[in-house]
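K.L.:
Based on what follows, work out the 3D shape:
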Amino acid sequence: MEDTDNFGGKYDKLVCEEDFSTDEHPSNYNQEKQQDSKLTEGHQTIAGISNEVAKLQATYNTAIQSRDEAKKQLVKEISEQQLTKWELEHQNRRRNDYEKQINKIKTEIAVLKSHLPMINHGRKPETSARSKELTWQ
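P.N.:
Sure thing, here's the model as predicted:
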């Protein structure tokens, strides 16, 4: 549109932003839609990754807790095993002491048995009528 009223010059037609050609609108609109779609997909991907990380963290925490409980149980078992080992050593010492005492007593019995014939030749046992006990004279 040419305007020649007051100034005698030519003016170009004013164009408003809304008057852009219809070819430019769909491409901008499509680009915005694609960007929104990509952002939405990106947010969903990040949310999915965050959920997976949370699951992995929970699994890790459970594994650490199980490991710590196993360590405590191991310490308890080792302590009980040490106590059992000490008890076994004590029982072995007692058994060895008893075996020594048994051998000593057997030796003493053998010595005493060897003296019996000498004692029997020297004295004769008598039985008392009251108690029916053997007495040596």
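
K.L.:
Could you grab the helix/strand/coil label for Arg93?
P.N.:
Of the three states, Arg93 takes helix under DSSP: H, G, I helix; E, B strand; the rest coil.

K.L.:
and what of Thr40?
P.N.:
helix.

K.L.:
For Ala47, see how far away it is.
P.N.:
Here Thr40 is placed at a distance of 10 Å from Ala47 (C-beta to C-beta, to the nearest Å). (Glycine included, C-beta is placed from N, CA and C.)

K.L.:
where's the residue positioned nearest the centre of the chain, which helix or strand?
P.N.:
Against the mean C-alpha coordinate of the chain, by C-alpha atoms, centre = their mean, the closest residue is Arg67 at 2.1 Å. When secondary structure is defined using DSSP states H and E, the element that contains Arg67 is helix 24-122.

K.L.:
For the chain, give me the ranges with low pLDDT.
P.N.:
Under the criterion pLDDT under 70, the flagged ranges of the chain are 1-26, 123-137.

K.L.:
about what we covered before: contacts only, for the residue nearest to the centre of the chain.
P.N.:
For Arg67, no residue meets the contact criterion (C-beta atoms under 8 Å, 6 or more residues apart in numbering).

K.L.:
do you know how far it is from Ser27?
P.N.:
For Arg67 relative to Ser27 (C-beta to C-beta), the value is 58 Å.

K.L.:
again, but for Glu77
P.N.:
Spatial separation of Glu77 from Ser27 under the definition C-beta to C-beta is 73 Å.

K.L.:
go on, Lys106?
P.N.:
Looking at Lys106 against Ser27, where the rule is C-beta to C-beta, the gap reads 114 Å.
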